[in-house]
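1. Mind looking at a prediction? Sequence and model below.
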Amino acid sequence: YGLFTRILNVGFYFDWSSTNIIWCKTRTAFSQAGYYISFTCTCLASIDRFLVSCCQEKYRKLSRLSIAIWAVILTIIFWLSLSIPHLVYLELLPSPSTGLISCSLGRYDTFSNYVKYFSFPVYYGLLPSIILTITGLLTYRNTNKLQIIRQRQIFQKQLTSMMLIQIPIILVSTVPYVIFTEYSLSTASMTKSANQKAIELVISNIV
């Protein structure tokens, strides 16, 4: 649903999502669910690192494999359930700006606005950023309090360090993309000059 269709689209000018209604619906639904599941698992891993780094034993006991498995299962079920409306509402419709057929929610303004102005910016940008930032800072604070005296603790600290490095990388790569996407959606109906379109194209390739 991701790289393969992009290669067909860019390299061979063949876009299944604008010619096949089933592909249009399933690609969007499962791609979105995949993004959100991935980010949620990253947030869960960050929360787990925080729990492991806590001095209180009651919090460390929450970092168990059984809890992690159930958390992942519920995450998958939750995001797949939230993707069901895409399977129902997505249609192949002509674009208002170009007239070309595209996979869109054009006729369902309420759900389309929900996706544009709430679902995408909150679930993909704001919520993961807040969770990763808070848990990252709390984990960093806790690790500074711990006295490393055993090999297991050294190993846990290494895992924590990797998570703390990963968090800012995710934030830097995600937040600009969310901001630019929201800008593009908000200005999609506006008339833009060739210079402005060129600038936006360069920015879209960067983010």
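-> Here it is on my side, so go on.

2. For the protein, which segments count as strands?
-> 91-94, 101-104 (DSSP state E).

3. Averaged pLDDT, stretch 144-163. What do you get?
-> Here stretch 144-163 scores 59 as its mean pLDDT.

4. Same question for stretch 64-79.
-> Per-residue pLDDT values across stretch 64-79 average out to 93.

5. Pull out the buried residues from that stretch.
-> Using 16 or more other C-beta atoms under 10 Å as the burial criterion, the residues of stretch 64-79 that qualify are 75, 76, 79. Any C-beta I mention is one placed from the backbone N, CA and C, and that applies to glycine too.

6. How much space separates the last one from residue 28?
-> Distance, residue 79 to residue 28, using C-beta to C-beta, to the nearest Å: 13 Å.

7. Near residue 25, how many residues? Count them for me, please.
-> Under the neighbour criterion other C-beta atoms under 10 Å, residue 25 is assigned a count of 20.

8. check contacts around it.
-> The contact partners of residue 25, taken as C-beta atoms under 8 Å, 6 or more residues apart in numbering, are 86, 87, 90, 103.

9. List just the nearest of these to residue 187.
-> Within the contacts of residue 25, distances to residue 187 taken as C-beta to C-beta reach their minimum at residue 103, with 20.4 Å.

10. can you pull the contacts of that closest one?
-> For residue 103, the residues meeting the contact criterion (C-beta under 8 Å, 6+ apart) are 17, 18, 24, 25, 27, 28, 90, 91, 92.

11. Quick check: bridge partners of it?
-> Beta-bridge pairing of residue 103, defined through DSSP bridges, involves residue 92.

12. show me where the chain has helices.
-> Assignment of helices within the chain using DSSP state H yields the ranges 3-12, 21-53, 57-60, 65-82, 84-89, 109-114, 127-145, 151-186, 194-206.

13. Select, out of these, the one closest to residue 120.
-> Each of those has some distance to residue 120 by C-beta to C-beta; the shortest is helix 151-186, at 6.8 Å.

14. re the thing from before, mind putting the strands of the chain into JSON lines with mean pLDDT and distance to residue 52?
-> Converted to JSON lines, these look like this (pLDDT from 0 to 100; distance: least, C-beta to C-beta, whole Å):
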{"stretch": "strand 91-94", "mean pLDDT": "77", "distance to residue 52": "47"}
{"stretch": "strand 101-104", "mean pLDDT": "76", "distance to residue 52": "43"}
